[in-house]
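> Show me how the following folds:
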Amino acid sequence: MTTWLVTGGAGFIGGNFVLDAVARGIKIINLDVLTYAGNRDTLAAIAGDPGHVFVQGDIGDRALVAQLLDAHRPDAVLNFAAESHVDRSIDGPAAFVQTNVVGTLALLEAVRDYWKALPSGVKESFRFLHVSTDEVYGALGATGKFSETTAYAPNSPYSASKAASDHLVRAFHHTYGLPTLTTNCSNNYGPYHFPEKLIPLVIAKALAGEPLPVYGDGKQVRDWLFVSDHCAAIRTVLAKGRVGETYNVGGDAEMQNIDVVHAICALLDQRRPRADGVSRATQITYVADRPGHDRRYAIDASKLRNELGWAPQYTFAQGIAETVDWYLDNQAWVQRVLDGSYRLERIGASV
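Residues are numbered from 1 along each chain as shown. Below you'll find the model as predicted:
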């Protein structure tokens, strides 16, 4: 049986990836420290499945990682583990450096030592895949897209920490020969998304009858990627990607934030109308922009498309409808999240 060690597999993207991989018959060793954004409820469908081994622990714990590698002998390691919310990085950048930089370094060192000791044949097929973000490239003007050769220019503590982790992965390939792959993705959305990010936050607040906060003028542009398309891209890169290469992953769905919010409101008006019949768009409230807010991101995923044959399967209209439906059908999951440490408050407003 193919075995993968997945870090951060109780988070949003990692959790979706783990659920899909186990359904495909792949054995997953899932290492997650379970910070506020890690949620075992996301993995409820595979509770007790022999193809899923959950371990609560930190990627920075080299002894634990080495123990898991030795015990389970994975064919690949996929690193989803990261502190990922820009607003939180503004309020507390040290945690982002600790997890995304120091933690990634410790993980790389443990994996390097494991890989070096593998027998010939197995060693050649082993891969380390690092999941990163388009935010490492900084911001774009009104035109153009990020490619794999775009210079790094991170503008937040979060993106700076991810840029550092990307550089470490590259260095471990060029210095030690570790067979690495890196993916830099655009904004993900879909089921199991922690409700501090724009789309699940708007859904939750809209249903609660609360104001829907939109930063600045709401015209910041993002390329939206449905999470199942991202998971498929990662599987494709792992199977066919060239060692040492980086692949950008985008949804080919550029949208202004305000248009995303209006789309959610329209879907909720159809599926769960307010008792007073008023559109939820009336709940939209413009608030002060966050510090250092990048204006536009857009991904050129042609390398992934042309070399490896991947393309997104979801349009934004399809993906956002499926996302809204999932949240409406899974309010118990949402409420258990909201009963914990996160209460839909705004963070990242201070400098």
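
> For residue 46, list the residues it contacts.
With contact set as C-beta atoms under 8 Å, 6 or more residues apart in numbering, residue 46 has these partners: 18, 19, 22, 52. The C-beta positions use only the backbone N, C-alpha and C, and glycine is treated the same way.

> Now do the same for the last one: its pLDDT.
pLDDT, the model's per-residue confidence, is 98 for residue 52.

> Please apply the same query to the third one.
The model reports residue 22 with a pLDDT of 98.

> from the chain's centre, how far out does the helix or strand in which it is found sit?
Secondary-structure element containing residue 22, defined by DSSP states H and E: helix 12-23. Taking C-alpha atoms, centre = their mean, to the nearest Å, one finds helix 12-23 lying 12 Å from the centre of the chain it belongs to.

> name the helices or strands packed onto it?
Under the contact definition 3 or more C-beta pairs under 8 Å, 6 or more residues apart in numbering; DSSP states H and E, helix 12-23 sits against strand 3-7, strand 27-32, helix 227-240.

> Okay, angle between it and helix 227-240 too, please.
Here helix 12-23 runs at an angle of 60 degrees relative to helix 227-240 (axes from the mean of the first three to the mean of the last three C-alpha atoms, to 10 degrees).

> List the contacts of helix 12-23.
With contacts defined as C-beta under 8 Å, 6+ apart, helix 12-23 is touched by 4, 6-10, 28, 30, 32, 37, 39, 42-43, 45-46, 49, 51-52, 78, 80-81, 131, 188, 190-194, 227-228, 230-231, 234-235.

> Tell me the buried residues in it?
Buried residues in helix 12-23, counting neighbours by 16 or more other C-beta atoms under 10 Å, are found at 12, 13, 14, 15, 16, 17, 18, 19, 20, 21, 22.

> quick one, strands of the stretch 101-250 of the chain?
Using DSSP state E, counting those that start in this stretch, the strands assigned to the stretch 101-250 of the chain run over residues 127-133, 180-185, 187-189, 212-215, 221-226, 246-249.

> Against which helices or strands is the third one packed?
The one in question is strand 187-189. Secondary structure elements in contact with strand 187-189, counted by 3+ C-beta pairs under 8 Å, 6+ apart, are strand 221-226, helix 227-240, helix 316-329.

> Residue 11 touches residue 85, doesn't it?
No: with contacts counted by C-beta atoms under 8 Å, residue 11 stays clear of residue 85, the gap being 11.1 Å.

> The residue lying closest to residue 95 once chain neighbours are set aside: neighbouring residues, count only.
Nearest residue to residue 95, sequence neighbours excluded (C-beta to C-beta, 6 or more residues apart in numbering): residue 83, at 5.5 Å. Using other C-beta atoms under 10 Å, the number of residues around residue 83 comes to 23.

> so what's residue 83 up against?
Contacts of residue 83 by C-beta under 8 Å, 6+ apart are 35, 89, 95, 96, 99, 100, 158, 161.

> one more time with 10 Å, if that's ok
Applying C-beta atoms under 10 Å, 6 or more residues apart in numbering, we find residue 83 in contact with 8, 35-37, 89, 92-93, 95-100, 103, 157-158, 161-162.

> that older thread, out of the helices and strands packed on strand 187-189, nearest to residue 278?
Shortest distance between residue 278 and the helices and strands packed on strand 187-189, using C-beta to C-beta, is found for helix 316-329: 18.3 Å.

> Okay, helices next: where are they in the stretch 1-150 of the chain?
Using DSSP state H, counting those that start in this stretch, the helices of the stretch 1-150 of the chain run over residues 12-23, 62-72, 86-91, 93-96, 104-116, 122-125.

> worst average pLDDT in these?
Ranked on mean pLDDT, the bottom entry among the helices of the stretch 1-150 of the chain is helix 86-91, at a mean of 84.

> what distance separates that one from the centre of its chain?
Offset of helix 86-91 from its chain centre (C-alpha atoms, centre = their mean): 16 Å.

> ditto for stretch 281-297
Taking C-alpha atoms, centre = their mean, one finds stretch 281-297 lying 21 Å from the centre of the chain it belongs to.

> what does stretch 67-75 give?
Offset of stretch 67-75 from its chain centre (C-alpha atoms, centre = their mean): 24 Å.

> Restricting to C-alpha, output it in CSV.
Listed in CSV are the C-alpha atoms of stretch 67-75, where the atom choice follows Å, rounded to 0.1, in the frame of the first residue of the first chain:
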residue,chain,number,x,y,z
GLN,A,67,10.0,8.1,14.8
LEU,A,68,7.0,8.3,12.4
LEU,A,69,9.3,8.0,9.4
ASP,A,70,11.0,5.0,10.8
ALA,A,71,7.8,3.3,11.9
HIS,A,72,5.7,3.8,8.8
ARG,A,73,8.3,4.2,5.9
PRO,A,74,6.3,6.6,3.8
ASP,A,75,6.8,6.9,0.1
